[in-house]
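> With the sequence up front, the predicted model follows.
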Amino acid sequence: MLNIKTDRLILRRFREEDSSALYAYLHDPQSSCFFSLRLSDEDSALTEAKKRSADDQYVAVCLKKNDELIGDLFAMSEEDAISVGWNFNPRFAGQGYAFEAAHALFAYLFDERHARRLYAYVEDTNQPSQRLCQKLGMRLEGTFKEFISFMKDQQGQPVYENTMQYAILRREWGTLKARV
């Protein structure tokens, strides 16, 4: 079970008591890729927190000082390549928490789980996630035009979004880590 501590954060498995904090940012997701995770009420948040507590793919990101959930990361394995992502409560934006958490997760995935490759999908309109990928040393591999739809227009037709793929290899991470 994952339990990583950074200067300000704890990355751990979800708990049922995280449901209210999870609801705080998933009742109205900021990024369209999380629309399918939208929580309608506190009961649905409790169900989601319970589900995540039994699944190592989701990582709760909590403040070290009070164990308050401020966001989450995910790492979905496909052999030695892992799809990664993040979703944070907007109240905690701009404080470096996403970088601190993702950096710690990347180190764990490369050093402990021996991942060969980490990759992330980011909508071309999501500038903060693009900047985070770049700061983490990920490179842009390409953009998928009209790749996926997370919503429909007023006529009920899918609205397709352009999706960028960022990635980093273990050897690139090692080089990046050596420079820091």
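Sure thing, it's come through. Just so it is clear, the model here is predicted, and its values are computed rather than measured.
> Just name the shakiest helix or strand of this structure by mean pLDDT.
The helix or strand of the chain with the lowest confidence, counting by mean pLDDT, DSSP states H and E, is helix 170-179 at a mean of 76.
> Next up, the contacts around Ala104.
Residues near Ala104 by C-beta atoms under 8 Å, 6 or more residues apart in numbering: 4, 6, 9, 11. In short, each C-beta sits where N, CA and C put it, glycine included.
> count of neighbours near the residue lying closest to Asn162 once chain neighbours are set aside?
Setting aside the residues directly before and after it, Asn162 is nearest to Asp124 in space (C-beta to C-beta, 6 or more residues apart in numbering), at 4.2 Å. The criterion is other C-beta atoms under 10 Å. On that basis, Asp124 has 14 neighbouring residues.
> cool, and Asn89?
Asn89 has 19 neighbouring residues, counting by other C-beta under 10 Å.
> That one touches Ser20, doesn't it?
No. Taking C-beta atoms under 8 Å as the contact criterion, Asn89 and Ser20 are not neighbours in contact, 11.3 Å apart.
> ranges for the helices of the protein?
For the chain, the helices identified by DSSP state H occupy 19-26, 42-53, 97-111, 127-135, 170-179, in order along the chain.
> closest one to Gln154 among these?
Nearest to Gln154, of all these, is helix 19-26, at 24.7 Å by C-beta to C-beta.
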